[in-house]
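Undergrad: Pasting a predicted model and its sequence here:
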Amino acid sequence: MKTIKCLVTAGPTREYFDPVRFISNPSSGKTGVYIAEAARDAGWQTALVLGPSPLPDPEGVETLRVVSAQDMFEACKKKFPECDILIMSAAVSDVRPKRALAHKAKKDEIDLNPELERTPDILFELSKRKGGKILVGFAAETRDILGYAREKMLRKNLDAIVANDVGAEGCGFASDDNGITVITRGGEVFDFKKAPKRELAKKLVDFLSERFFRP
């Protein structure tokens, strides 16, 4: 039986204004790290591209540590050609400062209206090279959760998307629990009720295995 090769992204990215100030978000990387561990436990050969996170590298998983969205994009481009499935759970910053200072800006030197530019849309760019690979995205939203998730799935040519309400109490970024909804390209909707993130990660990998890799 062919070994499934899985690529997972996790955690936030940091886009620096200067060596100590940056744009980011509260992602801890828990969901993606737990997905990588669940994929490993399912017998998949797993690589993890992990943004700044206090979590240790999971045992038995090739882990590539990155900082910025560009770093993550470059790491993914290297690993993507050999994977069978990409699970893009990272919370990538959408913008970065157009100019980053080499030294910490003093208070009176801080630009109060910094010019920003978009970071690479990693999943969209990789989708152009999709071929027969399975692409799974994440949509972290605070309103119209399923609507935005469906739009993202179509725009990025995904096979499935995991939607979650990061504004819900006790769920989302940095929490230990979450509740997710998986939408497939065929329009099916599967709800996974609030549970510990590690438990949800296993359920998600089991679902993807059954859906896309059943003999």
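TA: Received, thanks. Residues are numbered from 1 along each chain as shown.
Undergrad: Please enumerate the helices of the chain.
TA: Secondary structure of the chain (DSSP state H): helices located at 30-41, 69-79, 122-127, 145-155, 197-212.
Undergrad: Among those helices, single out whichever gets nearest to Lys5.
TA: helix 69-79 (8.9 Å; CB to CB). Backbone N, C-alpha and C define where each C-beta goes, glycine included.
Undergrad: For the closest one, which residues meet the burial criterion?
TA: Residues Ala69, Asp71, Met72, Phe73, Ala75, Cys76, Lys79 are the ones in helix 69-79 that count as buried (16 or more other CB atoms under 10 Å).
Undergrad: ok, residues contacting it?
TA: Contacts to helix 69-79, defined as CB atoms under 8 Å, 6 or more residues apart in numbering, come from residues 7, 9, 13, 15, 47, 49, 51, 64, 66, 86, 90, 92-93, 96, 119-120, 122, 125-126.
Undergrad: Can you flag the buried ones in these?
TA: 7, 9, 13, 15, 47, 49, 51, 64, 66, 86, 90, 92-93, 96, 119-120, 122, 126.
Undergrad: if we can go back for a sec, please flag which of the contacts of helix 69-79 sit within strands.
TA: Of the contacts of helix 69-79, the ones assigned to strands by DSSP state E are Leu7, Thr9, Glu15, Ala47, Val49, Leu64, Leu86, Arg96.
Undergrad: Pick the one among the residues you listed closest to Lys197.
TA: Thr9 (15.6 Å).
Undergrad: of the buried residues of helix 69-79, closest to Asn157?
TA: Proximity of the buried residues of helix 69-79 to Asn157 (CB to CB) peaks at Cys76, which lies at 15.7 Å.
Undergrad: Look up how far Leu158 lies from that closest one.
TA: 15 Å (CB to CB, to the nearest Å).
Undergrad: Next: Gly32.
TA: According to CB to CB, Gly32 and Leu158 sit 16 Å apart.
Undergrad: Between those two, tell me which one has more neighbours.
TA: For Gly32 versus Leu158, neighbours defined as other CB atoms under 10 Å are more numerous around Gly32 (29 against 26).
Undergrad: Please look at that one and Val8 and confirm they touch.
TA: Yes - with contact defined as CB atoms under 8 Å, Gly32 reaches Val8; the gap is 5.4 Å.
Undergrad: Find the residues that touch each one of these two.
TA: Common neighbours of Gly32 and Val8 (criterion: CB under 8 Å, 6+ apart): Leu48, Ile87, Ser89.
Undergrad: Including neighbour count, distance to Glu59 and pLDDT, could these go into TSV?
TA: Converted to TSV, the shared contacts of Gly32 and Val8 look like this (neighbours: other CB atoms under 10 Å; distance: CB to CB, whole Å; pLDDT from 0 to 100):
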residue	neighbour count	distance to Glu59	pLDDT
Leu48	30	11	98
Ile87	30	19	98
Ser89	25	19	97
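Undergrad: with these in mind, which one is nearest to Asp177?
TA: Closest approach between the shared contacts of Gly32 and Val8 and Asp177, by CB to CB: Ser89, at 15.6 Å.
Undergrad: Contacts only, for the closest one.
TA: Counting by CB under 8 Å, 6+ apart, Ser89 has contacts Val8, Thr9, Ala10, Thr31, Gly32, Ile35, Phe138, Val162.
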